[in-house]
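In: When you get a sec, could you give me coordinates for this:
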Amino acid sequence: MGLNGEFMKKRVTKAIFPVAGLGTRFLPATKSIPKEIMTLVDRPLIQYAIDEARAAGIKEFIFVTSRGKSALEDYFDHSPELETALRKKGKEDLLQALKTTNMDSGAIAYLRQHRPLGLGHAVWCARRLLADEPFAVILPDDVIAAETPCLQQMVEAHAETGGNMVAAMEVPSDKASAYGILDIKEDMGSVVSVKGMVEKPPMGKQPSNLAVIGRYILTPNIMNNLHRIKTGAGGEVQLTDAIAQEIEVSGNVYGFRFRGQRFDCGSKAGFLQATVAFGLAREELRDEFSQYLDEMMATQNAAQ
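Out: Numbering: from 1, shown residues only. Presented below is the predicted three-dimensional model:
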C-alpha cells in the first residue's frame, strides 16, 4: 500500500457535522425538535456522533446548521441550575452523564447553511474553519455500534494511506441502487483503492456491493473541488462528485470496510432497529426488555 507523504504527519483533529436537514421523515416530531436530538434509549443521535469523534482524537467540532436548530446548540451548553440541583441531591452518576454533553469553550463552532443545497455544499460552508489539513465528516443519521468506534478505525487506517477515505460496507445486490457504490481498483482487505464511485446505480449495474456510508476523512483539495462544482443530482452540490474528481486527478481515494453494525437512523425502521439493539446492549435494561420482546413475539405468533 503506497503512503501519501503529504498528509502523513497531519493528524485528523477537526470534524464537520452536517445537521441542517429538516428531518421531514420524522414529522411531526421534528416540527419542534431537531432530528439529531431524538434519542436512542437516553442519548440523542448527535451524542453518539460526538462520542465517536472524541474517541478518534477529534478536538474541534464544526456543526453546519440551519434555522430551528437552537435546541441542538443548547444541548452542548452547560446547565448550571440542573447541575446544582443534581449535586444537592447527591446524584453523582447523573452529573457524570451530563459531563459527556458539555463542550469546552471554543471547541465547538456553528455555521449556517442558508439554502438546502446538499451535503457537498454543507461541507463547503465550513471551509474557512479548516487549515491545510485532513478533516473528518460525520453524518449523525448513521449510527454505528462497534467495539472500536468507526472513525477511530478509519483514522488508524488513514495514517497508513493518507489521501481521502470513505467508510464502506457490503450491501445485498438488490439494495445497492439505494447507495453510492465503489468501483474497486485494488482490494487489500479492510482497505480498498477506488477507481470510481457510482451514485445509486440501476439494479444489476453496480460495479461492486461496497456501499459508502456517512463517515469520511478528506483532504483540503476536496474544498477546492466543491468550490468549482455546479449543482448535480437533485439540484444539490454532491460530495461524491468532489471525491470522484480526486479519483481522476490524484487517485488517492480509499474505501474502508469498518468493523461494526450500521443503523440508518434517518429512516423510521432503522431508528426502531437501533433502539432495540442499543436497548438490549444496556446491562440494566437487557433482561426486562428482552423478556418483553419475547412475550410480544409469542403473542404475535399465537395470533397468527
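In: could you list every residue that touches the residue lying closest to residue 146 once chain neighbours are set aside?
Out: What sits nearest to residue 146 in space, not counting adjacent residues and going by C-beta to C-beta, 6 or more residues apart in numbering, is residue 260, at 2.8 Å. The C-beta positions use only the backbone N, C-alpha and C, and glycine is treated the same way. For residue 260, the contact set (C-beta atoms under 8 Å, 6 or more residues apart in numbering) comprises 144, 145, 146, 147, 148, 150.
In: among the residues you listed, which are in helices?
Out: residue 150 (DSSP state H).
In: Ranking by neighbours, what's the top pick from the contacts of residue 260?
Out: By neighbour count, taken as other C-beta atoms under 10 Å, the most surrounded of the contacts of residue 260 turns out to be residue 150 (26 neighbours).
In: Hmm, that one is touching residue 216, no?
Out: No. The pair residue 150 and residue 216 fails to qualify as a contact (C-beta atoms under 8 Å) at a distance of 11.1 Å.
In: Mutual contacts of those two, please.
Out: Contacts common to residue 150 and residue 216, judged by C-beta under 8 Å, 6+ apart, are residue 167.
In: Name the next helix or strand downstream of the lowest-mean-pLDDT helix or strand in the chain, please.
Out: None of the helices or strands of the chain scores lower by mean pLDDT, DSSP states H and E than helix 5-8, at a mean of 46. Per DSSP states H and E, the first helix or strand lying C-terminal to helix 5-8 is strand 14-18.
In: ok, that next one: who's next to it in the sheet?
Out: strand 60-65 (parallel), strand 135-138 (parallel) (DSSP bridges).
In: and the host helix or strand of residue 240 with strand 14-18, angle?
Out: Here residue 240, judged by DSSP H and E, is contained in helix 239-249. Computed with axes from the mean of the first three to the mean of the last three C-alpha atoms, to 10 degrees, the direction of helix 239-249 lies at 140 degrees from that of strand 14-18.
In: Which neighbouring elements make contact with helix 239-249?
Out: With contacts defined as 3 or more C-beta pairs under 8 Å, 6 or more residues apart in numbering; DSSP states H and E, helix 239-249 has these neighbours: helix 119-124, strand 164-170, strand 191-199, strand 210-218, helix 221-228, strand 253-257.
In: Would you mind extracting the C-alpha trace of the first one into CSV?
Out: Extracted as CSV, the C-alpha positions of helix 119-124 are listed here (Å, rounded to 0.1, in the frame of the first residue of the first chain):
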residue,chain,number,x,y,z
LEU,A,119,-24.2,17.6,1.6
GLY,A,120,-21.3,18.9,-0.6
HIS,A,121,-22.5,22.5,0.0
ALA,A,122,-22.9,21.9,3.7
VAL,A,123,-19.2,20.7,3.9
TRP,A,124,-18.1,23.6,1.8
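In: and residue 132, how many residues sit next to it?
Out: Using other C-beta under 10 Å: residue 132 sits among 10 other residues.
In: Tell me which residues touch it, please.
Out: Contacts of residue 132 (C-beta under 8 Å, 6+ apart): residue 220.
In: thinking again about what came up before, and the helices and strands packed on helix 239-249 as CSV, adding distance to residue 236?
Out: CSV is the format used below for the helices and strands packed on helix 239-249 (distance: least, C-beta to C-beta, whole Å):
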stretch, distance to residue 236
helix 119-124, 7
strand 164-170, 18
strand 191-199, 11
strand 210-218, 16
helix 221-228, 12
strand 253-257, 21
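In: can I get those in CSV with mean neighbour count?
Out: Formatted as CSV, the helices and strands packed on helix 239-249 follow (neighbours: other C-beta atoms under 10 Å):
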stretch, mean neighbour count
helix 119-124, 24
strand 164-170, 23
strand 191-199, 19
strand 210-218, 24
helix 221-228, 17
strand 253-257, 24
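In: of these, which approaches residue 93 most closely?
Out: Proximity to residue 93 (C-beta to C-beta) singles out strand 210-218 among those, at 30.9 Å.
In: how far away is residue 60 from residue 171?
Out: 32 Å (C-beta to C-beta, to the nearest Å).
In: List the contacts of residue 103.
Out: Contacts for residue 103 (C-beta under 8 Å, 6+ apart) come out as 61, 76, 77.
In: Need the nearest residue in space to the most centrally placed residue in the chain, chain neighbours excluded.
Out: Nearest residue to the geometric centre of the chain (C-alpha atoms, centre = their mean): residue 139, 2.8 Å. Spatial nearest neighbour of residue 139, chain neighbours left out: residue 214 (2.9 Å); criterion: C-beta to C-beta, 6+ apart.
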